[in-house]
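J.: what's the 3D shape of this:
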Amino acid sequence: MKPIELDPSEYAPYYQTYINALDPAIDLIDELEISLYSTIRFIQDIPMDKFDYRYEEGKWTIKEIIQHIIDTERIFAYRALRFSRNDKTELPGFDENSFADVVNPVANKRHLKDLLTELTIVRQATITLFKSYTPEDLLKSGIASQNRMSVRALGFMIIGHQNHHVRVYQERYLS
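T.: Just a heads-up that it's a prediction; the model follows:
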């Protein structure tokens, strides 16, 4: 499964930039694995004095971004699971800022190693979940946040979302 095989009707227009930023020839499972380890390497190379840095008031620290990536991946994987099992219940959206209000103070106090361990475990669970899907399962879809999304598009959205935050961090925090 490759992003080039996706039809724009399989995801909300909001996610087009995430999908467009992916190499169209990458394999979903391979990229779930590769992007995890490249992100961990990137984070481990960030100077320690940058971990509490915010490029602007109200923007997130690296630990807050990691927590946001973890939370969002869990939500996207849950949506994929529900859709793959033919659950036709429309799923609501989620407010990332409400999540952040609750978890960000805690995330900043966590050890980086613990956050990276959680990120790894969540991604390994996501990889195992997506490996369990048949080609037919990957084509199934449902409604989340008032938009149709396919199981396979959700997998690529997980990767694209993570890559987006890494790019933003490189551009606005490290330059």
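J.: which residue lies nearest the spatial centre of this protein?
T.: Nearest to the mean C-alpha position of the chain, counting by C-alpha atoms, centre = their mean, stands Ile158 at 3.3 Å.
J.: sketch out the low-pLDDT regions of this structure for me.
T.: Of all residues in the chain, none has pLDDT under 70.
J.: helix, strand, or coil at the residue of the chain most remote from its centre?
T.: Distance from the centre of the chain peaks at Asp49, with 25.3 Å (C-alpha atoms, centre = their mean). Secondary structure, DSSP: H, G, I helix; E, B strand; the rest coil: Asp49 is helix.
J.: and the gap between it and Val168?
T.: 19 Å (C-beta to C-beta, to the nearest Å). Using the backbone N, CA and C atoms, a C-beta is placed for each residue, glycine as well.
J.: tell me which element Arg41 falls in.
T.: For Arg41, the host element (DSSP states H and E) is helix 28-44.
J.: which parts of the protein are strands?
T.: Using DSSP state E, the strands of the chain run over 141-144, 147-150.
J.: could I get those strands as CSV with mean neighbour count and distance to Thr39?
T.: Output for the strands of the chain, formatted as CSV (neighbours: other C-beta atoms under 10 Å; distance: least, C-beta to C-beta, whole Å):
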stretch, mean neighbour count, distance to Thr39
strand 141-144, 20, 24
strand 147-150, 19, 23
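J.: among those, which comes closest to Ile70?
T.: Ile70 lies closest, by C-beta to C-beta, to one member of the strands of the chain: strand 141-144, at 18.3 Å.
J.: can I get the closest one in PDB, CA atoms only?
T.: Taking Å, rounded to 0.1, in the frame of the first residue of the first chain, the C-alpha atoms of strand 141-144 are listed here in PDB:
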ATOM      1  CA  SER A 141     -14.000   3.500   5.600                       C
ATOM      2  CA  GLY A 142     -16.100   5.400   8.000                       C
ATOM      3  CA  ILE A 143     -16.900   8.900   9.200                       C
ATOM      4  CA  ALA A 144     -14.800  10.700  11.700                       C
END
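J.: run through who's touching it.
T.: With C-beta atoms under 8 Å, 6 or more residues apart in numbering as the test, strand 141-144 has contacts from 10, 79, 82-83, 87-93, 148-151, 153.
J.: and that strand, how far from the chain's centre?
T.: Relative to its chain's centre, strand 141-144 lies at 17 Å (C-alpha atoms, centre = their mean, to the nearest Å).
J.: how about stretch 162-175?
T.: That offset, for stretch 162-175, works out to 14 Å (C-alpha atoms, centre = their mean).
J.: and Asp23, how far from Ile34?
T.: 10 Å.
J.: the more surrounded of those two?
T.: Just comparing Asp23 and Ile34: by other C-beta atoms under 10 Å the higher neighbour count belongs to Ile34, 13 against 10.
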